[in-house]
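In: one predicted model, sequence on top.
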Amino acid sequence: MDVVIPWLPSMARGLQTTLWLATVVLVSSSLIGAIGGLAIVNGPRPVRWFLRGYVDIVRGIPILVLLFTVYFGSSAFGSGLDQGQAAIVALSIFAGAHMTEIVRGGIGSLPRATVEAAEVIGLTSVQRLRLVVAPLVLPRILPPWVNTAVEIVKATSLASLIGVIDLLYATNSAIGTAKHPIAFYLTAAAIYFVIGAGLSRAGALAERHYRYHEY
């Protein structure tokens, strides 16, 4: 593993890009999921149809195909997205579809009587969402949300295929010069594992906290 040490600074810079990319995609896809999930449940019928089609279509497309389509398609249509922007757009579209389904499923799992009771006591739709729906839905959607977050981190590695200098790109560059691919790939795998395990652990603690306060 000594051969990896001189390349750790460049891999660390790639890791910064990976974390930045994952963070932006996680925030944007969570917003898409929250808005889309609510709209599928409570929105007008045309909006529900559109979002249902978006979720079903995007979830059926390989993420690499979507990434290439956004990157090369943006060049073809003259929008001028660079590699990082294209990666953010493609990954956000893909993860947003999954987040939308997670939120929709969480809201749909609530007992109808709970929402009706909130209506009976005179709460507005915003109050019902903030005081009743959100506190009950959050513990239900947290586990799949964490799983999706971990998948987002791993999916950022695909951005290296369009030239984003992330952790995997830096790893491959090091291998091209220093050889010893096993040592470098094991190092990169360990880093991805630590990030994923950290997210999973944080999610488990958050789930325990919210479930404790739910009862």
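Out: Okay, I see it. Numbering: from 1, shown residues only.

In: tell me where this protein is predicted with low confidence.
Out: Along the chain, segments meeting pLDDT under 70 span 1, 78-79, 210-215.

In: and the helices in it?
Out: Per DSSP state H, the chain carries helices over the ranges 8-42, 45-59, 63-76, 83-108, 112-120, 125-128, 134-155, 167-178, 181-214.

In: as JSON lines, these with distance to residue 2 and mean neighbour count would be great.
Out: Heads up, the C-betas are built off the backbone N, CA and C, glycines and all. What follows is the helices of the chain, written out as JSON lines (distance: least, Cβ to Cβ, whole Å; neighbours: other Cβ atoms under 10 Å):
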{"stretch": "helix 8-42", "distance to residue 2": "11", "mean neighbour count": "19"}
{"stretch": "helix 45-59", "distance to residue 2": "44", "mean neighbour count": "14"}
{"stretch": "helix 63-76", "distance to residue 2": "34", "mean neighbour count": "16"}
{"stretch": "helix 83-108", "distance to residue 2": "32", "mean neighbour count": "22"}
{"stretch": "helix 112-120", "distance to residue 2": "60", "mean neighbour count": "12"}
{"stretch": "helix 125-128", "distance to residue 2": "59", "mean neighbour count": "12"}
{"stretch": "helix 134-155", "distance to residue 2": "27", "mean neighbour count": "18"}
{"stretch": "helix 167-178", "distance to residue 2": "11", "mean neighbour count": "19"}
{"stretch": "helix 181-214", "distance to residue 2": "9", "mean neighbour count": "14"}
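
In: closest one to residue 161 among the ones you listed?
Out: helix 63-76 (7.2 Å; Cβ to Cβ).

In: how many degrees apart are that closest one and helix 134-155 in direction?
Out: Angle of helix 63-76 versus helix 134-155, following axes from the mean of the first three to the mean of the last three Cα atoms, to 10 degrees, is 80 degrees.

In: wait, what's in contact with residue 24?
Out: Applying Cβ atoms under 8 Å, 6 or more residues apart in numbering to residue 24 gives the contacts 88, 92.

In: again but with residue 199, I slipped
Out: Applying Cβ under 8 Å, 6+ apart, the residues contacting residue 199 are 146, 149-150, 153.

In: what's the closest non-adjacent residue to residue 104?
Out: Leaving aside its chain neighbours, residue 104 sits nearest to residue 37 (4.3 Å; criterion: Cβ to Cβ, 6 or more residues apart in numbering).

In: isn't the one you found up against residue 98?
Out: No: using Cβ atoms under 8 Å, residue 37 is not in contact with residue 98; the gap is 10.7 Å.

In: distance-wise, check the residue nearest to residue 104 relative to residue 100.
Out: 5 Å (Cβ to Cβ, to the nearest Å).
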